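In: this one's sequence-less:
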């Protein structure tokens, strides 16, 4: 979440009590008067950001008129959300307009207070957002056009975002805030086809936003086995590691690569025919460790470098199986 400066403006001028009305009545009228939030967009240097079309919104939980209150910024980057009941707990969200790879990242400012008859002034910092792109193919290597891809940040500050691949199988997400992201295809509930991860950074002082190009992913329409590769002592060794399922009877192999975030469980998912399989993980070479092949020996137990000690795992295409491979 980006920094924001919140200031309380002066109360609006209140009407004088007319003869015959008590001072208490005048005070009650002020207390019931709605407030507002005056938003000015600024860039990461703190200078005013002349960005029109950004949407500033808060949710009002009033029993009389609940719902979102929204206002769009003008050409100077200014917006006013008016008619707000007094509360210290508004969460202010700024959604920038789409502008391709130049899209700013959304931001949220928690607990913005509004007093009766007062306009609270908020300086909301927007940074240019990160871009994440990649490509999907089917089992034959042909591009997957029109396939839904969803991206979701691990901090859950902003909702997940969906897109579809183009004719070449390419997907692109723009305007991303700094976060570790999971991408997935398939059903939104079960996420059955494939999931992978990456880290992206929005613009920071002196640093341009990330432009992440992910490796091509092979996508099946369903899966029957999901393998989580626990990070090794050298966490970088499992970033981009190759996971291979080998059919013991036929020798057929099926491979997927892990994602791009060190130190977290790396999910890979497969669709394979029913049969007995060995499972191996080929780690990548790092400054601390060479590239090595490790073989599955059981749930959560450390893998072995001895291929002859690999555990044969029966996999049924009609079932859903979760396996965790622990790299030493």
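Out: Cool, got the structure. All values reported here derive from a predicted model rather than from experimental measurement. Numbering: from 1, shown residues only.

In: CA only for contacts and neighbour counts going forward, please
Out: Will do.

In: Return the list of helices and strands in contact with the helix or strand where residue 180 lies.
Out: Taking DSSP states H and E as the criterion, residue 180 maps to strand 179-185. When contacts are defined as 3 or more Cα pairs under 8 Å, 6 or more residues apart in numbering; DSSP states H and E, strand 179-185 packs onto strand 148-153, strand 194-200.

In: List the contacts of residue 114.
Out: The neighbours of residue 114, taking Cα atoms under 8 Å, 6 or more residues apart in numbering as the test, are 35, 36, 37, 84, 85, 86, 87, 88, 90, 120.

In: sorry, back to before: using JSON lines, lay out the helices and strands packed on strand 179-185 together with mean pLDDT and distance to residue 298.
Out: As requested, the helices and strands packed on strand 179-185 are exported to JSON lines (pLDDT from 0 to 100; distance: least, Cα to Cα, whole Å):
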{"stretch": "strand 148-153", "mean pLDDT": "92", "distance to residue 298": "31"}
{"stretch": "strand 194-200", "mean pLDDT": "85", "distance to residue 298": "23"}
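
In: possible to save those as TSV with mean neighbour count?
Out: Below are the helices and strands packed on strand 179-185 laid out as TSV (neighbours: other Cα atoms under 10 Å):
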stretch	mean neighbour count
strand 148-153	21
strand 194-200	22
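
In: returning to what we had before: most neighbours, which of the contacts of residue 114?
Out: residue 37 (30 neighbours; other Cα atoms under 10 Å).

In: how close does it get to residue 269?
Out: 47 Å (Cα to Cα, to the nearest Å).

In: again, but for residue 198
Out: The gap separating residue 198 from residue 269 is 16 Å, by Cα to Cα.

In: cool, and residue 239?
Out: 16 Å.

In: So for the two, which sits in the more crowded spot?
Out: The residue with more neighbours, out of residue 239 and residue 269, is residue 269; 27 against 24, by other Cα under 10 Å.

In: Name every strand pairing with the helix or strand hosting the more buried one and say which way it goes.
Out: Secondary structure here is read from DSSP H and E; on that basis residue 269 sits in strand 266-270. Partners of strand 266-270 in the sheet, by DSSP bridges, are strand 225-230 (antiparallel).

In: after the strand it pairs with comes which helix or strand?
Out: Next element after strand 225-230 (DSSP H and E): strand 242-247.

In: any idea of the mean pLDDT for that next one?
Out: Averaged across strand 242-247, the pLDDT comes to 94.

In: circling back: just the closest of the contacts of residue 114 to residue 212, please.
Out: Distances from residue 212 to the contacts of residue 114, taken as Cα to Cα, are shortest for residue 90 (33.8 Å).

In: Whichever helix or strand the closest one is part of pairs with which strands?
Out: Using DSSP H and E, residue 90 sits in strand 87-95. Here strand 87-95 has these sheet partners by DSSP bridges: strand 55-60 (antiparallel), strand 107-114 (antiparallel).

In: can you tell which of the ones you listed is closest to residue 136?
Out: strand 107-114 (29.7 Å).

In: can you give me the strands for the stretch 1-150 of the chain?
Out: Ranges of strands in the stretch 1-150 of the chain, per DSSP state E, counting those that start in this stretch, are 4-11, 35-42, 55-60, 67-72, 78-84, 87-95, 107-114, 118-125, 130-137, 148-153.

In: would you list those strands in JSON lines and tack on distance to residue 171?
Out: Converted to JSON lines, those look like this (distance: least, Cα to Cα, whole Å):
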{"stretch": "strand 4-11", "distance to residue 171": "32"}
{"stretch": "strand 35-42", "distance to residue 171": "30"}
{"stretch": "strand 55-60", "distance to residue 171": "25"}
{"stretch": "strand 67-72", "distance to residue 171": "29"}
{"stretch": "strand 78-84", "distance to residue 171": "33"}
{"stretch": "strand 87-95", "distance to residue 171": "21"}
{"stretch": "strand 107-114", "distance to residue 171": "23"}
{"stretch": "strand 118-125", "distance to residue 171": "28"}
{"stretch": "strand 130-137", "distance to residue 171": "6"}
{"stretch": "strand 148-153", "distance to residue 171": "7"}
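
In: Could you tell me the least trusted of the ones you listed?
Out: Among those, strand 4-11 scores lowest, with a mean of 36.
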